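In: Here you go, sequence then predicted model.
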Amino acid sequence: KTCIGDAQRICVICHSNPDGDAIGSMLALNGCLKKWGKTAQLIAPNDFPDNLRWLDGASDIQLFNKHQHSIGADLQQADLIFCNDFQSFARLNDMCKVVEHSKAKKVLIDHHLLPELSQFDMAFSDTSVSSTCELLYGILQTMGFLPQFDKAIAEALFVGIMTDTGSFSYSCNHHSVFDIAAQLIAYDIDVKHIHETVYSTFSEYRMRLLGFCLSDRLTVIPEHKTAYMYLTKEDLLRFNYIKGDTEGIVNYALSIKNVVFAAFFTEVDGLIRISFRSKGKIDTNTFAKTYFNGGGHLNASGGNSTETMAETIARFEKELPNMLT
């Protein structure tokens, strides 16, 4: 509280390609800051999916890749930066150096593995929770802030928990996740509406893109219990891709019988972006960090490659035996 009370210029930031947990935790924290009489600047490295834009305050999020000079100056002038849902400045892409060189006090709120704690002045890091939103709820509860909650804050936190658990299908094998969800529902949020808005408002093109992935871009490697899919930039153009259209597609590969490791490769913004998913003790975090400049969780991680799609997939297939030994 002292840290917040003394701050005059506050920024709340998240990782590149923000998901529901990143956006939800930013908006929930911002709602709390407003109730404390503070004004914060919300910044994401790049755009986020359309199915999250309905959240209260989402229209206030500024995109660094659209206004690098002015937002960069704001980050340099900040005296407090909340770093939500990422464990390393490397997850900020082009925004990395600006945040790193800012003299602001940097506070980490995150649940990913292997946090780079030396980069932050204060850290709330817990890899055992389902999401950054669950962690943030616990922090606010400890601070005695729950009586000041409102529906908008509850919705933002619920979306983060819901999306980072795949609608409560993974990373939620603990009663606390459901206890918190129940507490949030008590703020009169409409769970059915939230679920439909997040998961059932995709375009026709997105559904056709999914069908194309499954029929034309799916490879199964039985000897390694692995499956993967990929989309080139030409594929994305063909199906009028918008941010968020590929969300969750990797899980279809993982749902195949006997498959324990899945990957999804997408050619976006001059990079090959990769999503990894696994079952059991298959460590996607170490694999992503070792071979694809990424990281995340045991069973869900991401990475990047500057090679071509063919080169990236070839390297992925080459390193599979190391993943599964």
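Out: Right, received. Where do you want to start?

In: which residues sit in contact with residue 21?
Out: Residue 21 is in contact with 85, 131, 132, 133, 160, 161, 163, 164, counting by C-beta atoms under 8 Å, 6 or more residues apart in numbering. Any C-beta I mention is one placed from the backbone N, CA and C, and that applies to glycine too.

In: Ramachandran coordinates for it?
Out: Here is the backbone geometry of residue 21 (degrees, to the nearest 10): phi -70, psi -40.

In: Which pLDDT value goes with it?
Out: On pLDDT, residue 21 comes in at 98.

In: mind checking the SS state of residue 83?
Out: Under DSSP: H, G, I helix; E, B strand; the rest coil, residue 83 falls in the strand class.

In: Distance of it relative to residue 266?
Out: Distance, residue 83 to residue 266, using C-beta to C-beta, to the nearest Å: 25 Å.

In: cool, and residue 15?
Out: 16 Å.

In: Counting neighbours, go ahead and name the busier of those two.
Out: More crowded of residue 15 and residue 266, by other C-beta atoms under 10 Å: residue 15, with 27 against 24.

In: tell me the phi and psi of the more buried one?
Out: With angles defined as degrees, to the nearest 10, residue 15 sits at phi -80, psi 170.

In: and if you look at residue 274?
Out: With angles defined as degrees, to the nearest 10, residue 274 shows backbone torsions of phi -130, psi 130.

In: got it, and residue 11?
Out: Phi and psi for residue 11, reported as degrees, to the nearest 10, are phi -120, psi 140.

In: per-residue pLDDT, it?
Out: Per-residue pLDDT puts residue 11 at 98.

In: Residues in a beta bridge with it, which ones?
Out: When assigned by DSSP bridges, residue 11 has beta-bridge partners residue 41, residue 81.

In: separation between it and residue 71?
Out: Taken as C-beta to C-beta, the span from residue 11 to residue 71 is 9 Å.

In: which neighbours do the two share?
Out: Shared contacts of residue 11 and residue 71, defined by C-beta under 8 Å, 6+ apart, are found at residue 43.
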